[in-house]
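Undergrad: sequence first, then the predicted structure, then my questions.
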There are 2 protein chains.
Amino acid sequence: MPLGQGYPLQDCSIARALEVVGDRWTLLVLRDCFLGVHRFADLVAHLDVPRAVLSDRLARLVEAGILERDAAGYRVSEAATALWPALRALAAWGESGQQATGGTVRRFAHADCPAGGEPDTTTDGRCPGCGGVPGPADLLVRPEGGPDVPHRDDPVSRSLRVPHRMLTPLP
Amino acid sequence: MPLGQGYPLQDCSIARALEVVGDRWTLLVLRDCFLGVHRFADLVAHLDVPRAVLSDRLARLVEAGILERDAAGYRVSEAATALWPALRALAAWGESGQQATGGTVRRFAHADCPAGGEPDTTTDGRCPGCGGVPGPADLLVRPEGGPDVPHRDDPVSRSLRVPHRMLTPLP
C-alpha cells in the first residue's frame, strides 16, 4: 500500500522526518553512507538495490540536503549528521532482545577521547570517558560477532567487518 | 518500488529493525500509541489511514510483540519501550533546521523527577534535573507552537495538543 509523498494533515515532526527518510531503502542507503560507503557501484553491490531505485533515492537525499555529491561519490552533509542518533537508536533496538538473531553487533567507540583510550559509547551515545556525546565523525565502528561464515563476501562487506572511522570513505 | 519482507543478506541491526518497523504507516501508528492513542477508531480518525492497512500494521506489530491488545485497545509492550529513543531521535531531526515548517514542537519533560520540578529532557533524552534518562512512561509531552489554525480538529488531535503523560491512554 503506497503512501503519498506528504502528510499535509499530520502536524508532527516524526511525520516530517518520514517524508524525507521514510522508506527502507532510503534508510539503508543512509546507513551505508554513514559507515563510509560512498560510491554508486559499491551501494549497488552491497545492498543489492536495483540501480533505478538507488538513483531515485540518492537524488532525493541530495535534493533534501542530506547527502552531497562530489567527484568521489556521495557523503553525508554536515547538517544530516543530526540524523545519526535516530539511525543509532534504530540499530540499538534491532540488536536488542528478540530482534537479535546472532548477527553482527557494532560498537561505537569515541575516537580521540580527551580522557584517553577509545571507550565504547553507551546506548544513548554518551562516552563514559569524557561524558560527552561524540558526533558520528568522532566514532570508530567496531563490528563484533556475526556468523562464522559471513552472509556476504563482496569487497564492501569485507571492509565493513574491520574497525573503521564513521563518515570516512572506505578503502 | 516494494521491498521484500526481509533482508536475508543484510547482517545489520538497522536492517533487522526495519524488517519490523520499516514502513511509514507502521512508524506513525507506533508514534500514536506512544502518545496514548489506543483505539482502532481513534487511529483511523487521526491518521486517515485506510482501515485495511491499519488492521494489517496492527496485526504485524502485535505479532512482533511490539503492541499488546486488550479490551481497551492497543498499548506499547514493555519490551517495545526500547524503541522510544529511535522515535524520539527521528522527531528531533524532523524538528531541526530545514525540516521544520512551523509545526508543533513537542517537549518531553521528566515527570516526577526526583530532583523536583518537571525539567525538559535534552535531545539525547537526558534529564538535566536528575541526570538520568527517563523511559517514555515517565515523560510528560508538552506540545508547543504549531499553526494558529490547527490542521486537524478531530478529538484525538485536540487531546494531543494538551500536555499529557506518554503511554497513558488519552481520555
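TA: Cool, the structure landed. This is a predicted model, so every value here is computed, not measured.

Undergrad: quick one: stretch A:73-87 near chain B?
TA: Yes - using CB under 8 Å from any CB of the partner chain, stretch A:73-87 reaches chain B at A:79, A:82-83, A:85-87. For glycine as for every other residue, the C-beta is placed from the backbone atoms N, C-alpha and C.

Undergrad: now tell me what touches that stretch from outside.
TA: Counting contacts by CB atoms under 8 Å, 6 or more residues apart in numbering or on different chains, the residues outside stretch A:73-87 that touch it are A:17, A:21, A:27, A:30-31, A:33-34, A:38-40, A:42-43, A:58, A:61-62, A:65-68, A:125, A:135-137, A:167, A:169, B:14, B:85-86, B:89-90, B:92-93, B:96-98, B:123-124.

Undergrad: any buried residues in that stretch, and which?
TA: By neighbour count with 16 or more other CB atoms under 10 Å in any protein chain shown, stretch A:73-87 contains the buried residues A:73-77, A:79-87.

Undergrad: and of these, the nearest to A:His151?
TA: If you rank those by distance to A:His151 using CB to CB, A:Leu87 comes first, at 20.6 Å.

Undergrad: so how far is A:Ala80 from the closest one?
TA: 10 Å (CB to CB, to the nearest Å).

Undergrad: ok, back up a step: how about the buried residues of stretch A:73-87, which pair is most distant?
TA: Across the buried residues of stretch A:73-87, the longest distance by CB to CB is 24.3 Å; it joins A:Gly73 and A:Pro85.

Undergrad: residues touching A:Leu160, list them.
TA: A:Leu160 makes contact with A:35-37, A:46, A:143, A:170, according to CB under 8 Å, 6+ apart.

Undergrad: for the nearest residue to A:Val162 once chain neighbours are set aside, list each beta-bridge partner.
TA: Nearest residue to A:Val162, sequence neighbours excluded (CB to CB, 6 or more residues apart in numbering or on different chains): A:Pro143, at 7.6 Å. Under DSSP bridges, the beta-bridge partners of A:Pro143 are A:Arg106.

Undergrad: you'd agree A:Pro143 is up against A:Gly103?
TA: No - with contact defined as CB atoms under 8 Å, A:Pro143 and A:Gly103 do not form a contacting pair (10.0 Å).

Undergrad: give me the below-cutoff pLDDT ranges for chain A.
TA: Flagging of chain A using pLDDT under 70 yields the residue ranges A:1-13, A:15-16, A:19-22, A:96-102.

Undergrad: could you pull out the strands for it?
TA: Using DSSP state E, the strands found in chain A span residues A:67-70, A:73-76, A:104-110, A:139-145, A:164-165.

Undergrad: ok, which of the ones you listed comes nearest B:Pro50?
TA: strand A:67-70 (32.4 Å).

Undergrad: what are the contacting residues of the closest one?
TA: Residues from elsewhere that reach strand A:67-70 (CB under 8 Å, 6+ apart): A:30, A:33, A:58, A:61-62, A:74-77, A:80.

Undergrad: ok, 10 Å please
TA: A:29-30, A:33, A:38, A:40, A:57-62, A:73-80 (CB atoms under 10 Å, 6 or more residues apart in numbering or on different chains).

Undergrad: narrow those to those in helices?
TA: Applying DSSP state H to the contacts of strand A:67-70, the entries found in helices are A:29-30, A:33, A:40, A:57-62.

Undergrad: how far away is A:Asp153 from B:Leu83?
TA: A:Asp153 sits 32 Å away from B:Leu83, going by CB to CB.

Undergrad: got the domain boundaries for chain A?
TA: A:13-80, A:83-165 (automatic domain parsing).

Undergrad: okay, those, which one's buried deepest?
TA: Most buried of those, by mean neighbour count (mean count of other CB atoms under 10 Å in any protein chain shown): domain A:13-80, with a mean of 19.

Undergrad: contacts only, for A:His46.
TA: So A:His46 contacts A:28-29, A:32, A:35, A:37, A:39, A:152, A:154-157, A:159-160, A:170, B:9-10 (CB under 10 Å, 6+ apart).

Undergrad: and with 8 Å instead?
TA: Contacts of A:His46 (CB under 8 Å, 6+ apart): A:32, A:37, A:152, A:154, A:156-157, A:160.

Undergrad: with respect to B:Glu118, which of the residues you listed is nearest?
TA: Nearest member of those to B:Glu118, counting by CB to CB, is A:Asp32, at 40.2 Å.
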